[in-house]
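1. How does the following fold in three dimensions:
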Amino acid sequence: MSDSDIQTVSTEDAAQLLAAAESAANQAYAPYSKFRVGAAVLTEKGVFTGANIENASSNLGICAERVALSHARMHQVTKIIGIAVNCIDAPEVTDLQSGITMPCGGCRQWFVELAPEAWIITNGSQEVFRTQDLLPKPFVLKNSNDTP
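-> Below is the predicted model:
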């Protein structure tokens with residue numbers, strides 16, 4: 001991947017990141033929903049991936065986006081440039097407003113805190129989103145390390 005400007009995404013970066021997310025989706029554990037999702041985050045330290053992991057107690061599962069962000073964070077990454085989400089079991093999207101390949105609300109909230117300037121792409125849309133596009137009025141607490 002090239003050293004992309006955080007404000008833009010190249011066609012090459014998008015394709016490579018979506019491919020990495022697709023590869024990650026093949027590692028998902030989704031025996032209940034049968035809906036495998038992979039995510040890849042582009043950072044200054046490289047690409048970090050994750051896949052959804054379900055649990056019989058459904059609220060204990062974790063989304064691919066959060067696994068990928070956690071993976072990056074565990075490698076001391078603090079600046080996320082871009083995020084790709086690939087839902088390999090989603091039906092072919094004909095109405096892009098269906099939202100079937102879009103990140104859930106919980107993941108959007110994670111983006112606000114861990115990837116506030118990131119661009120976001122999915123395999124179900126040609127549009128490039130920004131964190132603030134997906135969650136324009138997020139829940140935010142002032143961190144004690146924030147400057148006034």
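
2. what's the helix or strand for the residue nearest the centre of the chain?
-> Geometric centre of the chain, nearest residue: E65, 3.9 Å, by Cα atoms, centre = their mean. E65 is part of helix 64-73 when elements are defined by DSSP states H and E.

3. buried stuff in that helix?
-> For helix 64-73, burial by neighbour count (16 or more other Cβ atoms under 10 Å) applies to A64, E65, R66, V67, A68, L69, S70, H71, A72. C-betas here are computed from N, CA, C, even on glycine.

4. Next one: the first one relative to G38, how far apart?
-> Separation of A64 from G38 (Cβ to Cβ, to the nearest Å) stands at 5 Å.

5. swap in the fourth one?
-> For V67, the distance to G38 equals 9 Å [Cβ to Cβ].

6. anything in contact with each of these two?
-> Common neighbours of V67 and G38, using Cβ atoms under 8 Å, 6 or more residues apart in numbering, are G50, A51, N52.

7. which of those lies closest to I83?
-> Minimum distance to I83 across those is 10.3 Å, recorded for G50 (Cβ to Cβ).

8. For L135, which non-adjacent residue is closest in space?
-> In space, L135 comes closest to R108 once its chain neighbours are excluded; the distance is 4.1 Å by Cβ to Cβ, 6 or more residues apart in numbering.

9. Please apply the same query to A40.
-> Closest to A40 by Cβ to Cβ, 6+ apart is A20, at 3.8 Å.

10. hang on, the earlier thing: can you pick the most crowded of the shared contacts of V67 and G38?
-> Among the shared contacts of V67 and G38, G50 has the most neighbours (other Cβ atoms under 10 Å), with 26 neighbours.

11. That one sits in which helix or strand?
-> In the assignment (DSSP H and E), G50 maps to strand 46-51.

12. Now do that strand: which elements does it pack against?
-> Here strand 46-51 touches helix 11-25, strand 37-43, helix 64-73, going by 3 or more Cβ pairs under 8 Å, 6 or more residues apart in numbering; DSSP states H and E.
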